[in-house]
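Trainee: Sequence first, predicted model second:
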Amino acid sequence: MRKSQASRQTRQIRPLDRAFFSRDPRRVARELLGKVLVRQREHTDVRQAAGARLTARIVEVEAYLGAEDPAAHAAAGNTARTSVLFGPPGHAYVYFIYGNHYCLNVSCEPEGRAGSVLIRALEPLSGMEEMAKARGIEIHGPKDLLKLNSGPGRLAQAFAITRDLDNGCDLTSVASGLWIGEDGYRPHGVRITPRIGITKAADRPLRYMLAGNTFVSGRKIRSQ
């Protein structure tokens, strides 16, 4: 872990506006790298203390291109499950997978055109103790921090993200308790690989990550 990244002050985080997400998911995915996911609620369940502020930098994402993308949930059409993807951009699409964890996506494209970005890994910035409690683990050193948010299921658990609580929430609004913001950080390099953990359209280079970041969920690099 690079100390300069983990210790960066995150008090001046400004929420991204809706226009940021109203674009092609590939562009949104690339530009989401370095942004900050924030969880702050005044009242929540036992996994997170009331008023606790969790922040983590987005270091790995995957783009899903809507109806034209066989791997995207939106390929099945506008259903009760996928309606968020066809709604206004900048909203959370949360789904349950493999019977044991949730995944956080953000809707992209103008309303009526489905597209999304899956958040795959985060670098923790603040609230690590709360994240560890939610994950059911202990932090004894820097290596344990890798267990908090490296992977979509882990980060959802660390941030207490569930479909019932967060599906459809506005990720451009601090009032939602879960949002994405900008703190001035600028990535120095981006790596791109095919998406992982899927069987359809698995060869498309739509997985983006911060180059050299130790918190990404995999190490296979194809291009820059």
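Mentor: In hand now; what should we look at? Residues are numbered from 1 along each chain as shown.
Trainee: can I get the CA coordinates of stretch 112-121 in CSV?
Mentor: Written as CSV, here are the backbone C-alpha positions of stretch 112-121 (Å, rounded to 0.1, in the frame of the first residue of the first chain):
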residue,chain,number,x,y,z
GLY,A,112,-34.2,5.1,-21.3
ARG,A,113,-30.8,3.8,-22.5
ALA,A,114,-29.3,1.2,-20.2
GLY,A,115,-25.6,1.1,-19.3
SER,A,116,-23.7,0.6,-16.1
VAL,A,117,-20.4,0.4,-14.4
LEU,A,118,-19.6,-2.3,-11.8
ILE,A,119,-17.4,-1.1,-8.9
ARG,A,120,-14.9,-3.9,-8.4
ALA,A,121,-12.3,-2.7,-5.9
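Trainee: wait, L125 sits on V36?
Mentor: Yes: at 6.9 Å, L125 and V36 qualify as touching, with contact defined as C-beta atoms under 8 Å. Placement of C-beta: from N, CA and C, glycine included.
Trainee: From the centroid of the protein, which residue is nearest?
Mentor: The chain has I119 as the residue nearest its centroid, 2.7 Å off, counting by C-alpha atoms, centre = their mean.
Trainee: ok, it to M209 distance?
Mentor: Distance, I119 to M209, using C-beta to C-beta, to the nearest Å: 12 Å.
Trainee: any weak-confidence spans in the chain?
Mentor: 1-11, 41-51, 218-224 (pLDDT under 70).
Trainee: Go again with 80.
Mentor: Within the chain, the segments meeting pLDDT under 80 span 1-11, 41-52, 98-99, 218-224.
Trainee: hmm, what's the outermost residue in the chain?
Mentor: Taking C-alpha atoms, centre = their mean, the residue of the chain most remote from its mean C-alpha position is H140, at 25.2 Å.
Trainee: List the contacts of that residue.
Mentor: By C-beta atoms under 8 Å, 6 or more residues apart in numbering, H140 lies in contact with nothing.
Trainee: tell me the SS of it?
Mentor: Of the three states, H140 takes coil according to DSSP: H, G, I helix; E, B strand; the rest coil.
Trainee: and it, how far is that from E62?
Mentor: Distance of H140 to E62, given as C-beta to C-beta: 31 Å.
Trainee: can you list contacts of the helix or strand where F20 lies?
Mentor: Under the criterion of DSSP states H and E, F20 resides in helix 18-21. With contact meaning C-beta under 8 Å, 6+ apart, helix 18-21 is reached by 28, 31, 88-90, 106-108, 171-172.
Trainee: give me that answer again for 10 Å
Mentor: Identification of contacts with helix 18-21 by C-beta atoms under 10 Å, 6 or more residues apart in numbering yields 27-28, 31-32, 35, 88-91, 106-111, 115-117, 170-173, 180, 182.
Trainee: what's the burial count for the residue nearest to N213 when sequence neighbours are not counted?
Mentor: Nearest residue to N213 in three dimensions, chain neighbours excluded: V59, at 4.6 Å (C-beta to C-beta, 6 or more residues apart in numbering). If you count neighbours by other C-beta atoms under 10 Å, V59 ends up with 27.
Trainee: overlap in contacts of I119 and M209?
Mentor: Contact criterion C-beta under 10 Å, 6+ apart; residues shared by I119 and M209: 58-62.
Trainee: For the protein, just list every one of the strands.
Mentor: Taking DSSP state E as the test, the strands found in the chain are 14-15, 36-40, 53-64, 92-97, 101-107, 116-126, 178-182, 190-193, 207-210.
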